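Trainee: Fold the following for me, if possible:
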Amino acid sequence: MTASSASPPPSAATDTSANDNIQPFYLLHKASSSKNSSRKSAAARRIDLTPSKPSNNSQFDSHKAFHSVWSKIDSSIKGVLRDVNNNVFNEIHTWVRQSFLEITSSGLPSFAEATRSLPILNHATSKQLFTGLVLIKNMEFVDDLLTFEELGVCLKSHGCHVANLSSRDFSTKNGVGGCLRSLLRQFLMVALDAADISILASWYREHGNHDSPVVIIIDDMERCSRSVLSDFILMLSEWVVKIPIILIMGITTLDAPRIVLPSHVLQQLCPSKFILASPAERMNAVVEATLVRWCSGFSIGHKVAVFLRNYFLNHDGTLTSFIRALKIACVQHFSMEPLSSNLGLLAEEDSNDEGEGPDFSSGMVAQIESNLACGLTELKRSQKCWGTVVMCLYEAGKYNKVHLLDLLCEALDPNIYNAVASGTHTRSGKGFDITSSSNQSVAQQYWRKGGPISQVIQKVRDLPAASLSQLLKSWENLTMDILEIHDKVKELHPMIKMEDGMSLKQDFTGLSKRHTSRTAAYIKESKTGNEKAANLITSMISKFMKPIECIPFHEVVCFKDVEKLQLALNGDPRRRIQVDLLEFHKFLQCKCCNRTGNVPIPSMPDTSIMYTLAQEHGDLISLHDWYQCFKSVVTNPSIKVKHKGKQQSPLRKKRKETNENENKSESSIQARFCKAVTEMQITGLIRMPTKRRPDCVQRVAFGL
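Mentor: Alright, predicted model coming up:
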């Protein structure tokens, strides 16, 4: 067969390629002639429901940009929380290994004894169950769920057999059998109906798992059923020789075991105490990773930061609520700000350059406007300088137990910065002067009295020489990327060391003349280093700590609408329902209903028609009058949106005539009316008729 015979004729090939691009709606019609092609193409555009293809001007849309940004924030949060608990996790792992060696030091039972269905009761240490009591400090236990999961992952990475049990497993309904089935499901990786601990003992010895300890983690012992937990501990203590089980339980107070467990159960435990990080320490780590350092580019305004701080404190320091509120703020930023999709490009650019520098690649600049690219470059540099100064303040604030979230709220205040910048704008020369006290006096007038920044500066003045030298060393590490600040810190650090050495030398060589040789001049000289350090941090604040709201193009990365966030978190469902009923065309994307304003038309949803008509009534709505108004709207053919100059297809006309005939049916109108009234009752907008007024319904919601 030749190639020409194998290939289809040109006309057939053309028809095939044309049919490939046909929309499903076109299959109802035959191919149109040339004179009707324009009319039918216009009708096709009206019924084409396929989403439009995204333009190629931007690589990221808002949805994709949000996921790109939040994935970086979420990974940073998990990373810092893991780092906060690393010391405790390592301590727990060391204790687990020591407990395992102590259990197995007296020798392991033979294979026949270990696989029996009865425990070994004559062993000297058969009643000793090593128990780690992990003290959790959060008011809401939801913050510690992730911590115990990370603890299990950490112990598994070191070769331990780990099973996590929740308080739901220790219910009175399921008993000890429910706990055993959960253990077998996690260790054996199969679901078994039998609840026998001898199965676990056989698994531990038969499959070569006897070289590692078995760790059971109970997230919150105080929420467990007391009787079930007591029986479970007694059972484990009897099998601890065959299965070297080590128990870890989360507690809120040290008295919890004595309160929950009876005395004969407490005698079987060999407890050890471990303390997790406090909510304030975790919050400081999360704020540093997500809002201070350049994590993903996303930032918040001053009012939003204050609201999040109050939201965190009002929820008893629940970190989960803070993270959820931050995520909602991020969602609202991408849904409200048109230029927020460029933030996805920023996050992607940071992932590619691995922190090598703030300048963007030529590929990114080509995707956005040059002015916007330059503005975002400057914004990124300013934000890194701002975050560096905030971290320098926080390092000094650690000596006074200043929380980073409080410091963040004051550092984001644009009013304070504008006042400080206007007061220090008259200084001359490039760079900044660390010896001048004029900047400090001007700035101190605008900082809140007793605020975090003023507390930090005062603490720098009062630090001992050794602590001040250590603080300057941490400042050197923080300012490695900002040479202008780094050079000033390196210039000041040797002076502090020299003054510290001179003071030590005089203290050791002149002990007998301490009270006579230590004059006022010497005291003043010893404070010179503290004053220079205070002037340095003050100048850093005045020059580099520029809030995000004072930088051009901050709308791309900064969320400031605190009212929207407050409404989303606190919630106002009744008001939201009313708005949605009146602005339904925004969700349905209906243009004809949008043109009519508040005038009800038949094409509107029945519930929206009913709610619009209800606005004309007072506290009580007569059902008869309400129904007659609804009937006049849905059956009135004069309130129809006419499309001039456009002819509708016969199929569309036929459907409209059918709908009109259906609407004219009295029974169908009554059914639609009853359904709409029921929906308004369910949503809490009206109350149904009572025996006193069976012909009226009462309005519950009034206005917006």
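
Trainee: list the contacts for the closest residue to Pro602 other than its chain neighbours?
Mentor: Spatial nearest neighbour of Pro602, chain neighbours left out: Val634 (5.0 Å); criterion: Cβ to Cβ, 6 or more residues apart in numbering. For every residue, glycine as well, the C-beta is placed using N, CA and C. By Cβ atoms under 8 Å, 6 or more residues apart in numbering, the contact set of Val634 is Pro602, Asp606, Ile609, Asn663, Ile669, Arg672.

Trainee: The first one sits in which helix or strand?
Mentor: Read it as Pro602. Following DSSP states H and E, one finds Pro602 outside all helices and strands.

Trainee: Helices - which of the contacts of Val634 land there?
Mentor: Counted as lying in helices by DSSP state H, out of those, are Asp606, Ile609, Asn663, Ile669, Arg672.

Trainee: Let me have those residues in a markdown table, adding neighbour count as columns.
Mentor: Formatted as a markdown table, these follow (neighbours: other Cβ atoms under 10 Å):
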| residue | neighbour count |
| --- | --- |
| Asp606 | 19 |
| Ile609 | 22 |
| Asn663 | 17 |
| Ile669 | 18 |
| Arg672 | 19 |
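
Trainee: Out of these, which one has the weakest pLDDT?
Mentor: Lowest pLDDT within the ones in helices among the contacts of Val634 is found at Asn663 (48).

Trainee: related to what we said a few turns ago, of all the contacts of Val634, which comes closest to Arg575?
Mentor: When the contacts of Val634 are compared for distance to Arg575 (Cβ to Cβ), Ile609 wins out at 19.9 Å.

Trainee: Quick check: which element contains the residue lying closest to that closest one once chain neighbours are set aside?
Mentor: Closest residue to Ile609 in three dimensions, ignoring its sequence neighbours and counting by Cβ to Cβ, 6+ apart: Pro600, at 4.6 Å. Using DSSP H and E, Pro600 falls within no helix or strand.

Trainee: ok, Pro600 - contacts?
Mentor: When the contact criterion is Cβ under 8 Å, 6+ apart, the partners of Pro600 are Ser608, Ile609, Thr612, Leu613, Val633, Ile639.

Trainee: helices and strands around the strand or helix carrying Asp406, which ones?
Mentor: Element membership of Asp406, judged by DSSP H and E, is helix 404-411. Judged by 3 or more Cβ pairs under 8 Å, 6 or more residues apart in numbering; DSSP states H and E, helix 404-411 is in contact with helix 279-287, helix 302-314, helix 370-397, helix 452-462.

Trainee: Where does pLDDT dip in the stretch 1-150 of the chain?
Mentor: Flagging of the stretch 1-150 of the chain using pLDDT under 70 yields the residue ranges 1-60, 107-127, 138-141.

Trainee: 80 instead, please
Mentor: For the stretch 1-150 of the chain, the stretches with pLDDT under 80 are 1-61, 106-128, 137-144.

Trainee: thinking again about what came up before, looking at the contacts of Pro600, which is nearest Pro271?
Mentor: Ser608 (63.6 Å).

Trainee: Number of residues surrounding that closest one?
Mentor: 19 (other Cβ atoms under 10 Å).

Trainee: Do I have it right that it meets Gln578?
Mentor: No. Between Ser608 and Gln578 there is no contact under Cβ atoms under 8 Å: 10.5 Å.

Trainee: shared neighbours, the two?
Mentor: Contact with both Ser608 and Gln578 is made by no residue, according to Cβ under 8 Å, 6+ apart.

Trainee: got a list of contacts for the helix or strand where Asp143 lies?
Mentor: Using DSSP H and E, Asp143 falls within helix 142-157. Contact partners of helix 142-157, identified using Cβ under 8 Å, 6+ apart, comprise 78, 81-82, 85, 89, 92-93, 96, 134, 136, 138, 162, 164, 215, 217, 219-220, 248, 250, 276, 279, 282, 318-320.

Trainee: Which of these are buried, as a ChimeraX select command?
Mentor: To isolate the buried members of the contacts of helix 142-157 in ChimeraX, using 16 or more other Cβ atoms under 10 Å:
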select :81,82,85,89,92,93,96,134,136,138,162,164,215,217,219,220,248,250,276,279,282,318,319,320
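
Trainee: sorry, back to before: return the member of the ones in helices among the contacts of Val634 nearest to Cys224.
Mentor: Nearest to Cys224 among the ones in helices among the contacts of Val634, counting by Cβ to Cβ, is Asp606 at 51.2 Å.

Trainee: how near is that closest one to Asp169?
Mentor: 48 Å (Cβ to Cβ, to the nearest Å).

Trainee: Let's have the contacts of Pro600 in TSV, adding distance to Arg258.
Mentor: As requested, those are exported to TSV (distance: Cβ to Cβ, whole Å):
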residue	distance to Arg258
Ser608	62
Ile609	65
Thr612	64
Leu613	66
Val633	71
Ile639	76
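
Trainee: Mind picking the lowest-pLDDT entry from these?
Mentor: Within the contacts of Pro600, pLDDT reaches its minimum at Ile639, with 49.

Trainee: pLDDT-wise, which helix or strand of the protein ranks last?
Mentor: Of all helical and strand segments in the chain, the minimum by mean pLDDT, DSSP states H and E falls on helix 34-47, at a mean of 40.

Trainee: Tell me which helix or strand comes right after that helix.
Mentor: Taking DSSP H and E, what comes next after helix 34-47 is helix 62-84.

Trainee: just the angle between that following helix and helix 142-157, please?
Mentor: Per axes from the mean of the first three to the mean of the last three Cα atoms, to 10 degrees, the angle that helix 62-84 makes with helix 142-157 is 70 degrees.

Trainee: what stretches of the stretch 551-700 of the chain score poorly on pLDDT?
Mentor: Scanning the stretch 551-700 of the chain for pLDDT under 80 picks out 570-576, 584-599, 636-664, 691.

Trainee: After the helix holding Asp143, which helix or strand is next?
Mentor: Using DSSP H and E, the first helix or strand after helix 142-157 is strand 161-165.

Trainee: Dump that next one to PDB, restricted to CA.
Mentor: Extracted in PDB, the C-alpha atoms of strand 161-165 (Å, rounded to 0.1, in the frame of the first residue of the first chain):
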ATOM      1  CA  HIS A 161       9.900   0.500  67.600                       C
ATOM      2  CA  VAL A 162       7.300   3.200  68.300                       C
ATOM      3  CA  ALA A 163       3.500   3.300  68.600                       C
ATOM      4  CA  ASN A 164       1.500   6.400  69.300                       C
ATOM      5  CA  LEU A 165      -1.700   6.000  71.300                       C
END
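
Trainee: who touches that strand?
Mentor: Here strand 161-165 has contacts from 148-149, 152, 155-156, 179, 182-183, 186-187, 204, 209, 212-219, using Cβ under 8 Å, 6+ apart.
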